[in-house]
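Asker: Turn this into a model:
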Amino acid sequence: MTIPEQKIEEVRAAANIYDFISPHISLKKRGRNYIGLCPFHNEKTPSFTVSEEKQIFHCFGCHAGGNVYRFIMDYQKISFIEAVQEVAKQVGITIEVSETEQTEGQSEQESLLDINTAAAKYFLDNLLNSHEGETARQYFERRKIKLQTIRTFGLGYALPAWEAFINFAREKNIDLNKSVQLGLIGKTNEGRLYDKFSGRIIFPIFSSTGRVIAFGGRILENRENAAKYLNSPESIVYTKGRVLYGLSHAKDDIRKLDKAILVEGYMDLISLHQAGIKNVVAVSGTALTEEQVQLLSRYTKNVVLLFDADAAGMKAAMRSIELLLQRDMEIKIASLPVGEDPDSYVNNFGKQAFEEIINRAQNFLEYQTDYFQKQGLFNEPATSAEAIRELMKPVALINDELKRTLLIKTIAKKFNLREMLIEDELRKILAGQHKVELIEAKRREVTESKVLDSILPAEKKIPQQIINLEVELIKLLFEGSEKTVELIVHHVNEEMLSSDAHITIFNHVADAYNASADLTAGALIERIKDEKIQRYISNIILEKYTVSKIWEEFHPGESREKILEKYTKDTLCKYKHAHLDERANEYYTEMENAGNDEKKIDIMKLLRDLNKEKQLISEELR
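Answerer: Numbering: from 1, shown residues only. Predicted coordinates:
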């Protein structure tokens, strides 16, 4: 599938990046830009910047950056084509997707998704219609899973033969190497191919937009050296820690009820959904991750954790509390009777009984206190003190000062302690967190300085002055000024540039200028498909590298366009002079090593020519 470039640009031009980011992130105006907490990594100090003028975003912490399409792709974890469709829908533009040739990145992602879609249909057909699928059908009957539920979640079965899917793939002209990449087919050390999910019931894993991105498989019969559960490997369409199972089915109900129930397994979620409890997502046997919390926070700030009542389930809940609090989530923890899980409980006792369990959920402080009580930590003064300190750690993660104060009062009252004592303990924890934040800020500063270094080839010894001026010129290409671009394109050539990345950027902008295309930053970034270069561009052209305000102060009353033109000419002049100075230094070195006066005289003529060239440049760029 592909979308014409002209239509992609039409949609992007109609979209205001602020309108697409502000519903998800609290943004505050700072100068010409907006800032907020980055949605792509945890941070306490805002480093996420949005430029409405340039139609781009950039995080100076994790270096995520790009235009509106890149934000939608990264935020919703969807493909480029899906991002264009999403933006088009919101700006009211109708687009038609064709099956013609695509760019390499789009084609790879879409082809993998198409293979997963075909595989999901194949597995579902096996379950519903094949003779071999009878065992799997009986399994789901025992688990009280209805036919409609099977179809809703696309549940399936992989035939027990070792080449059944391989034969299907060959018949449908499905790329076997890509099927290996997706984990649908395995390969032995000898190079023999085999069905990876052979003899397993299949749980398709969907993206938040409903595309099949991976599979989970459960074995039905004990098999020597075979794992009970098998999941697809990570790929360009699937990152395990960034996906919540069932979210595509649950997101509307989560928004409607403003609450999500978080469970551990596929069957827990499926049984609850079948019972009419649809605001449920699952972590699928892994510990909750920061990325999953960020994903969930787009739909609600209220989460009920429902993990198994055994020790492992309790530990999983405890680990999850900290991650959820860091995203300002409201957390409650529901507890099932020992020996029950959500699947068994809702099947044994029904929807109403389950909802009563949810309604009796404890806040995180009550849950942790009960957990420590069961561990016997309040039996001795030493362990009691340590347990209370542990209770304070998640409280310190809460940004809302009023909530923190109320929780401090609760802890003080519960343990008959002075509030001042609890507040002192909280201050110690916060001081420790502040030290960590300072270290993290320093690390980000170092990382940010490496962004430039990663673009420039290490083997070239280029004077820092030339690099700094070159970066400034690259930045000026994205100011949205036709005159600025015209000046730079006229005075700079590939041979002058210090890195392949700068050459790529320069050529794309020059092509856009020569074609009289849109020269705004968002449009130019879209021309450059390399994600690393996109991030580099967004890094250098936002606030930290804006045109010096001193120029505006020295040119009061002049239009920004005129100031940009003067600043561009000045920067070009310095840049070209710096290149000539570097050549002059080489001549001086040659003159020092010259063996005769005649050669020295020739070099002196070259130096005079360089000075004349510098004068001409100064006059031309005056």
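Asker: quick one: low-confidence ranges for the protein?
Answerer: By pLDDT under 70, the weakly predicted segments of the chain are 1, 97-107, 224, 285, 308-313, 433-460, 543-558.
Asker: how is it carved up into domains?
Answerer: 5-91, 104-238, 247-361, 376-430, 464-620 (automatic domain parsing).
Asker: Just send those domains back as a markdown table, with mean neighbour count and distance to Tyr367 too.
Answerer: Just so you know, the C-beta spots here come from the backbone N, C-alpha and C atoms, and that holds for glycine as well. Output for these, formatted as a markdown table (neighbours: other CB atoms under 10 Å; distance: least, CB to CB, whole Å):
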| stretch | mean neighbour count | distance to Tyr367 |
| --- | --- | --- |
| domain 5-91 | 19 | 22 |
| domain 104-238 | 17 | 28 |
| domain 247-361 | 19 | 4 |
| domain 376-430 | 15 | 10 |
| domain 464-620 | 16 | 40 |
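Asker: mind checking which of those domains is nearest Gln368?
Answerer: With CB to CB as the criterion, Gln368 lies closest to domain 376-430 of the domains of the chain, at 5.7 Å.
Asker: What lies in contact with stretch 595-614?
Answerer: Stretch 595-614 is contacted from outside by Lys576, His577, Leu580, Arg583, Ala584, Tyr587, Tyr588, Glu590, Met591, Ala594, using CB atoms under 8 Å, 6 or more residues apart in numbering.
Asker: Might one say that the second one is in contact with Ile617?
Answerer: Yes: assessed by CB atoms under 8 Å, His577 is found in contact with Ile617 at 6.6 Å.
Asker: Return the residues in contact with Val293.
Answerer: Leu323, Leu324, Gln326, Arg327, Met329.
Asker: redo that, cut-off 10 Å
Answerer: Applying CB atoms under 10 Å, 6 or more residues apart in numbering to Val293 gives the contacts Asn42, Leu244, Leu262, Val303, Ser320, Glu322, Leu323, Leu324, Leu325, Gln326, Arg327, Met329.
Asker: again, but for Leu497
Answerer: Contacts for Leu497 (CB under 10 Å, 6+ apart) come out as Ile466, Glu470, Leu473, Ile474, Ile503, Thr504, Ile505, Phe506, Asn507.
Asker: ranges for the helices of the stretch 101-250 of the chain?
Answerer: With DSSP state H, counting those that start in this stretch as the criterion, the stretch 101-250 of the chain has helices at 104-129, 134-142, 147-153, 164-171, 176-181, 247-257.
Asker: ditto for the stretch 301-450 of the chain
Answerer: Using DSSP H, counting those that start in this stretch, helices in the stretch 301-450 of the chain cover 311-326, 342-359, 364-374, 381-396, 401-414, 419-455.
Asker: okay, these in JSON lines with distance to Lys251 next?
Answerer: Formatted as JSON lines, these follow (distance: least, CB to CB, whole Å):
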{"stretch": "helix 311-326", "distance to Lys251": "18"}
{"stretch": "helix 342-359", "distance to Lys251": "18"}
{"stretch": "helix 364-374", "distance to Lys251": "24"}
{"stretch": "helix 381-396", "distance to Lys251": "27"}
{"stretch": "helix 401-414", "distance to Lys251": "27"}
{"stretch": "helix 419-455", "distance to Lys251": "32"}
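Asker: nearest to Ala136, of those helices?
Answerer: Among these, helix 342-359 comes nearest to Ala136, with 17.1 Å by CB to CB.
Asker: Which residues does the closest one contact?
Answerer: 143-145, 259, 261, 263-277, 279-280, 282, 304, 306-308, 332, 334-337, 339-340.
Asker: which residues does Gln55 contact?
Answerer: Listed by CB under 10 Å, 6+ apart, the contact set of Gln55 reads 12-13, 15-18, 67-68, 480, 520-523, 525-526.
Asker: Filter the residues you listed down to the ones in helices?
Answerer: Counted as lying in helices by DSSP state H, out of these, are Arg12, Ala13, Ile17, Tyr18, Val68, Ala521, Gly522, Ala523, Ile525, Glu526.
Asker: Not counting sequence-adjacent ones, nearest residue to Asn514?
Answerer: Closest residue in space to Asn514, ignoring its immediate chain neighbours: Val489 at 8.0 Å, by CB to CB, 6 or more residues apart in numbering.
Asker: Just confirm the one you found contacts Leu476, I think it does.
Answerer: No: using CB atoms under 10 Å as the test, Val489 is too far from Leu476 to be in contact (11.3 Å).
Asker: does the spatially most central residue of the chain sit in a helix or strand, and which one?
Answerer: Centroid-nearest residue in the chain, with CA atoms, centre = their mean: Asp74, separated by 4.3 Å. Assigned by DSSP states H and E, Asp74 belongs to helix 68-76.
Asker: Could you list every helix and strand in contact with the helix or strand following that helix?
Answerer: Next helix or strand after helix 68-76 toward the C-terminus (DSSP H and E): helix 80-91. Packing partners of helix 80-91 (3 or more CB pairs under 10 Å, 6 or more residues apart in numbering; DSSP states H and E): helix 5-14, helix 17-21, helix 68-76, helix 104-129.
Asker: Next up, identify which helix or strand Lys569 is on.
Answerer: helix 560-592.
Asker: CA atoms only: put the helix or strand following that helix into CSV for me.
Answerer: As assigned by DSSP H and E, the chain's next helix or strand after helix 560-592 is helix 597-620. What follows is helix 597-620, C-alpha atoms only, in CSV (Å, rounded to 0.1, in the frame of the first residue of the first chain):
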residue,chain,number,x,y,z
ASP,A,597,62.5,31.0,-2.7
GLU,A,598,60.7,30.5,-6.0
LYS,A,599,58.2,28.1,-4.4
LYS,A,600,57.7,30.5,-1.5
ILE,A,601,56.9,33.3,-4.0
ASP,A,602,54.3,31.0,-5.7
ILE,A,603,52.7,30.3,-2.4
MET,A,604,52.6,34.0,-1.5
LYS,A,605,50.8,34.7,-4.8
LEU,A,606,48.2,32.0,-3.8
LEU,A,607,47.8,33.7,-0.4
ARG,A,608,47.2,37.1,-2.1
ASP,A,609,44.6,35.4,-4.3
LEU,A,610,42.8,34.0,-1.2
ASN,A,611,42.7,37.5,0.3
LYS,A,612,41.2,38.9,-2.9
GLU,A,613,38.6,36.1,-2.9
LYS,A,614,37.7,36.9,0.7
GLN,A,615,37.2,40.6,-0.2
LEU,A,616,35.0,39.6,-3.1
ILE,A,617,32.9,37.3,-0.8
SER,A,618,32.6,40.2,1.7
GLU,A,619,31.4,42.6,-1.0
GLU,A,620,29.0,40.0,-2.5
